[in-house]
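S.K.: only geometry, no sequence info:
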């Protein structure tokens, strides 16, 4: 997947117990909370998967919330993200094998489906350890596979992308 560096604005909420007259402890609390928030959010449709906060650019003046005493700080920062693109070539690992296709995992993407139709000369072999096999190779659990992204969609409920993959093409398939 393509790595991108995006500039983002975010609101960071700091509890009164973390506030201090010395700016260093406040800055540290804001950074720690920002890292937690980005990790918990995981991904967005616009930016892709959040990999790392790169640089804290600005911390604006905080606004006190009257009921709780928490302080809301608008911050600007840069973040490294990964977003899948249609047509790109990726490497993933077989996670599950079903009669009608294979599920792969690649980096932060945990739901990549490769239909039996997109594995032209592979045949399904059932049993205790199911696999897809052809004359030259086999696809079984934990096999590394080079594949092409045919399409993807954003699943808001799961906060992740689902990809549709194929190994039809030159230099694609098990590694």
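M.R.: Nice, I can see it. What you see is a predicted model; the values in this text were computed from it and never measured.

S.K.: where does this protein dip in pLDDT?
M.R.: 19-24 (pLDDT under 70).

S.K.: is residue 50 in contact with residue 37, as I believe?
M.R.: No. In this structure, residue 50 is not within contact of residue 37 by Cβ atoms under 8 Å, at 9.7 Å. Any C-beta I mention is one placed from the backbone N, CA and C, and that applies to glycine too.

S.K.: which one's more surrounded, those two?
M.R.: Under the criterion of other Cβ atoms under 10 Å, the comparison of residue 50 against residue 37 puts residue 50 first, with 21 against 16.

S.K.: so that one versus residue 34, what's the distance?
M.R.: In this structure, residue 50 lies at 11 Å from residue 34, with Cβ to Cβ, to the nearest Å as the measure.

S.K.: likewise for residue 94?
M.R.: Between residue 94 and residue 34 the computed distance is 36 Å (Cβ to Cβ).

S.K.: residue 48 too?
M.R.: 18 Å.

S.K.: next: residue 26.
M.R.: Per Cβ to Cβ, residue 26 is found 12 Å from residue 34.

S.K.: tell me which of these two has more neighbours.
M.R.: Shown here are residue 26 and residue 34; by other Cβ under 10 Å, residue 34 has more neighbours (21 against 18).

S.K.: which strands and helices sit next to the helix or strand where the more buried one lies?
M.R.: According to DSSP states H and E, residue 34 maps onto helix 23-41. Secondary-structure packing of helix 23-41 (3 or more Cβ pairs under 8 Å, 6 or more residues apart in numbering; DSSP states H and E): strand 2-14, strand 48-59, strand 71-83.

S.K.: show me what the second one is packed up against.
M.R.: Spelled out, it's strand 48-59. Using 3+ Cβ pairs under 8 Å, 6+ apart as the contact definition, the elements that strand 48-59 packs against are strand 2-14, helix 23-41, strand 43-44, strand 71-83, strand 160-166.

S.K.: strand partners of that strand, parallel vs antiparallel please.
M.R.: Each strand pairing with strand 48-59, determined using DSSP bridges, is listed with its direction: strand 43-44 (antiparallel), strand 71-83 (antiparallel).

S.K.: including distance to residue 155 and mean neighbour count, could the ones you listed go into a markdown table?
M.R.: Shown next, in a markdown table, are the strands paired with strand 48-59 (distance: least, Cβ to Cβ, whole Å; neighbours: other Cβ atoms under 10 Å):
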| stretch | distance to residue 155 | mean neighbour count |
| --- | --- | --- |
| strand 43-44 | 10 | 18 |
| strand 71-83 | 14 | 18 |
